[in-house]
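Asker: how would this look folded up:
(one chain, ligands or ions: 1)
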Amino acid sequence: MKSVLLLNASPFGENARGYQLALQAISNLQAAHPGIDVIERDLAPADFGRVTPDYARAIISRVAHDSPAFFQSERLIRELEETDALIISTPMHNYTVPAVLKLWIDLVLRAGRSFGFRDGRKVGLLDDRPTVVIVASGGTVTGKATQPDHLTGYLTDVLATIGITNLRFIHVQGLAEDSNAAHSLSQGQRALDADPRFGRGLKSDVSVG
Ligand SMILES: Cc1cc2nc3c(=O)[nH]c(=O)nc-3n(C[C@H](O)[C@H](O)[C@H](O)COP(=O)(O)O)c2cc1C
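Answerer: Take a look at the predicted model:
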């Protein structure tokens, strides 16, 4: 493994509680793969592109990939192409991904570029890679769930569309209750530690290069 992309979708940036687990995953990777490149993208400022009329027209009319309308989209897709592991740290917002992560998705999923078609079905055109999604939520999402979850299945489908299926979710949940937060974070920590791709006991089979 040579490089990892970290996407942080929390409005709290580096103070997000999910981000602390993401940093732990990075530090585990650095211990197992000294010199690994870490590319970090803070999505919260939403300064990485917009779904403009030009972009929307270009998407549906399938203009050339080097069209200026795809400039921001190309930059985000190339970030994925230049890395071989992915960490997404995101809160749940209204049962699903925050708007900034949805914007990233709308700029990255492009027919003929990040996914194609076979037998009428979408197939991913990017390399699969070890991926972990750390989901922080105020309420409970797994186990005795207190709410619908339109994040886990949605993000699974979105990433599969571009070819990423080596995927695991770690839920850090119930954070709205201060009394529960520390326990929830340590549960998330344990789940991360046990992950053979991002945990403390990293195995050599995560190497892809
Ligand atoms: C706009 C907004 C919507 C939210 N919607 C949900 C929700 O649907 N379910 C939930 O459990 N928490 C919801 N929350 C709470 C966040 O998921 C929670 O604050 C999370 O712990 C933040 O994690 P972080 O510290 O890693 O950023 C929402 C928060 C905001 C700001």
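
Asker: The protein: strands as residue ranges?
Answerer: 3-8, 37-42, 86-91, 115-118, 121-124, 131-136, 167-172 (DSSP state E).

Asker: Compile those strands into TSV and extend it with columns for mean pLDDT, distance to residue 188 and mean neighbour count.
Answerer: Backbone N, C-alpha and C define where each C-beta goes, glycine included. Output for those, formatted as TSV (pLDDT from 0 to 100; distance: least, Cβ to Cβ, whole Å; neighbours: other Cβ atoms under 10 Å):
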stretch	mean pLDDT	distance to residue 188	mean neighbour count
strand 3-8	98	15	22
strand 37-42	98	20	14
strand 86-91	98	11	24
strand 115-118	97	31	12
strand 121-124	97	28	14
strand 131-136	98	7	25
strand 167-172	97	4	21
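
Asker: Export these as JSON lines, with columns for distance to residue 150.
Answerer: Formatted as JSON lines, the strands of the chain follow (distance: least, Cβ to Cβ, whole Å):
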{"stretch": "strand 3-8", "distance to residue 150": "19"}
{"stretch": "strand 37-42", "distance to residue 150": "23"}
{"stretch": "strand 86-91", "distance to residue 150": "13"}
{"stretch": "strand 115-118", "distance to residue 150": "21"}
{"stretch": "strand 121-124", "distance to residue 150": "19"}
{"stretch": "strand 131-136", "distance to residue 150": "12"}
{"stretch": "strand 167-172", "distance to residue 150": "13"}
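
Asker: would you list those in TSV and tack on distance to the ligand?
Answerer: As requested, the strands of the chain are arranged in TSV below (distance: least, Cβ to the nearest ligand atom, whole Å):
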stretch	distance to the ligand
strand 3-8	9
strand 37-42	12
strand 86-91	4
strand 115-118	28
strand 121-124	28
strand 131-136	3
strand 167-172	7
